[in-house]
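A.B. asks: based on what follows, work out the 3D shape:
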Amino acid sequence: MRRWMLLTCVSSGSYSYSSSSPSSSSIDAPFLSIKRIRTALVMAAEILRVSGEAMASSLPLLLLVLCSLTVAEAQLKLFNLRASNLPSNILGTTDGYVKVFCGPAVLGETSVRNNNPNPWWAEEFSHFKAQENDILRLEVHDSDIIFNDLLGVCQRRIKVGTHEHDCFLEKGGTLHYSYTLGGQQACLDV
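C.D. replies: Below is the predicted model:
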């Protein structure tokens, strides 16, 4: 007797299969990774093997479904951070630095560039779990002895590819930066 398997995507993010037999199983996947998709492929191949007969006609369909579930994670690389015309504090100096965030992740901060209204920062930031449309948030600060001043915030939804942007800061000056977001196709790695 031939059993037909159905791979379904449940709204909670778990993937399950069912058959005409009373027993069924599920693969819990709160997020997809290449390792989880590989495991799902191995399990799917076992599921499709019924009584020693491989259901070869269903395998391409299953692979097509799994390939449509691409890994949404990608590597973000932020680089070429520089500012121009940052405003001076009451002492007439600007000691700028940038804090970097992607979605809920804190990626770090640059070094402080003392007495420079046009700083350039050599630091690069990487985030391996970035997703397209995550918010990249850059906060430009002026470092002071007692309190650091927030000069402005730049926010942008990130897109796949390499991009350059200029952001005008609330208290004056401009932040210039570049980023690359590289996408992955999980099925290509299987």
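
A.B. asks: and the longest strand for the chain?
C.D. replies: Counting by DSSP state E, the longest strand found in the chain is strand 74-84.

A.B. asks: elements contacting that strand?
C.D. replies: Under the contact criterion of 3 or more CB pairs under 8 Å, 6 or more residues apart in numbering; DSSP states H and E, strand 74-84 touches strand 96-102, strand 120-121, strand 125-130, strand 135-142, strand 174-182. Bear in mind the C-beta positions are built from the backbone N, C-alpha and C, glycine included.

A.B. asks: which parts of stretch 75-87 are buried?
C.D. replies: Buried residues in stretch 75-87, defined by neighbour count with 16 or more other CB atoms under 10 Å: 76-78, 81-83, 86.

A.B. asks: take those residues and write them to a markdown table, including distance to Leu107.
C.D. replies: A markdown table is the format used below for the buried residues of stretch 75-87 (distance: CB to CB, whole Å):
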| residue | distance to Leu107 |
| --- | --- |
| Leu76 | 8 |
| Lys77 | 10 |
| Leu78 | 7 |
| Leu81 | 12 |
| Arg82 | 17 |
| Ala83 | 18 |
| Leu86 | 21 |
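
A.B. asks: quick one: the helices in this structure, in order.
C.D. replies: If DSSP state H is used as the criterion, the helices of the chain fall at 34-48, 59-68, 186-189.

A.B. asks: worst average pLDDT in these?
C.D. replies: When the helices of the chain are compared by mean pLDDT, helix 186-189 comes last with a mean of 39.

A.B. asks: where does the chain have its least confident helix or strand?
C.D. replies: Least confident helix or strand, the chain: strand 6-9 with a mean of 36, by mean pLDDT, DSSP states H and E.

A.B. asks: show me the contacts for Ser143.
C.D. replies: Residues in contact with Ser143 (CB atoms under 8 Å, 6 or more residues apart in numbering) are 95-97, 112, 114.

A.B. asks: how much space between the nearest residue to it once chain neighbours are set aside and Asp144?
C.D. replies: Nearest non-adjacent residue to Ser143, counting by CB to CB, 6 or more residues apart in numbering: Asp95, 4.2 Å away. Counting by CB to CB, to the nearest Å, the separation of Asp95 from Asp144 is 7 Å.

A.B. asks: neighbour-wise, which of the two wins?
C.D. replies: Comparing Asp95 with Asp144 by other CB atoms under 10 Å, the one with more neighbours is Asp95, at 21 against 13.

A.B. asks: surely Asp136 touches Val98?
C.D. replies: For residue 136 the amino acid is Leu, not Asp. No - contact between Leu136 and Val98 fails when scored by CB atoms under 8 Å: they sit 11.6 Å apart.
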